[in-house]
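**Student:** this one's structure only:
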């Protein structure tokens, strides 16, 4: 018999709970550290480091002292508008990839109209500040 590891399927109720925590963080209803601790607890309980949630996924990367680090990654191709509803109203979540020699980075954005997480090009801070000067 092979030594393959068998993972438990994460129940839909748990996925919905994690989705609610992440979206409450994105809306500013709970603190970032609160969301990361809650999501990390669920991921550790199920023995996983990554949980796909529709158009995005949460990924546990490491602990920084007693704080677990959780990243939110959009799973869609890079898009300028929300791929779910077409809205251009968004909030920055985090930088997924820095692009050297470019004015932009690839970021994860949160749609303020429908709550979708997606990837988009975002101005680098130093480039944005230079444009506004």
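**Tutor:** Good, I have the coordinates. Keep in mind that this is a model prediction, so the values were computed, not measured.
**Student:** what helices or strands is the one helix or strand residue 95 maps to leaning on?
**Tutor:** Assessed by DSSP states H and E, residue 95 sits inside strand 90-97. Other helices and strands packing on strand 90-97, by 3 or more CB pairs under 8 Å, 6 or more residues apart in numbering; DSSP states H and E, are strand 67-74, strand 104-111, strand 117-123. Just so you know, the C-beta spots here come from the backbone N, C-alpha and C atoms, and that holds for glycine as well.
**Student:** Flag every buried residue along stretch 83-91.
**Tutor:** Burial within stretch 83-91, assessed by neighbour count using 16 or more other CB atoms under 10 Å, is assigned to 83-84, 90.
**Student:** Could you double-check that residue 68 lies in contact with residue 37?
**Tutor:** Yes. The criterion here is CB atoms under 8 Å, and residue 68 meets it with residue 37 at 6.3 Å.
**Student:** Which one's more surrounded, these two?
**Tutor:** Comparing residue 68 with residue 37 by other CB atoms under 10 Å, the one with more neighbours is residue 68, at 19 against 15.
**Student:** In contact with that one, which residues?
**Tutor:** Contacts for residue 68 were tallied using CB atoms under 8 Å, 6 or more residues apart in numbering; they are 36-37, 39-40, 60, 62.
**Student:** okay if I get these as a markdown table plus distance to residue 113, pLDDT and secondary structure?
**Tutor:** Formatted as a markdown table, the contacts of residue 68 follow (distance: CB to CB, whole Å; pLDDT from 0 to 100; DSSP: H, G, I helix; E, B strand; the rest coil):
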| residue | distance to residue 113 | pLDDT | secondary structure |
| --- | --- | --- | --- |
| 36 | 25 | 93 | helix |
| 37 | 28 | 95 | helix |
| 39 | 24 | 95 | helix |
| 40 | 29 | 94 | helix |
| 60 | 29 | 92 | strand |
| 62 | 33 | 89 | strand |
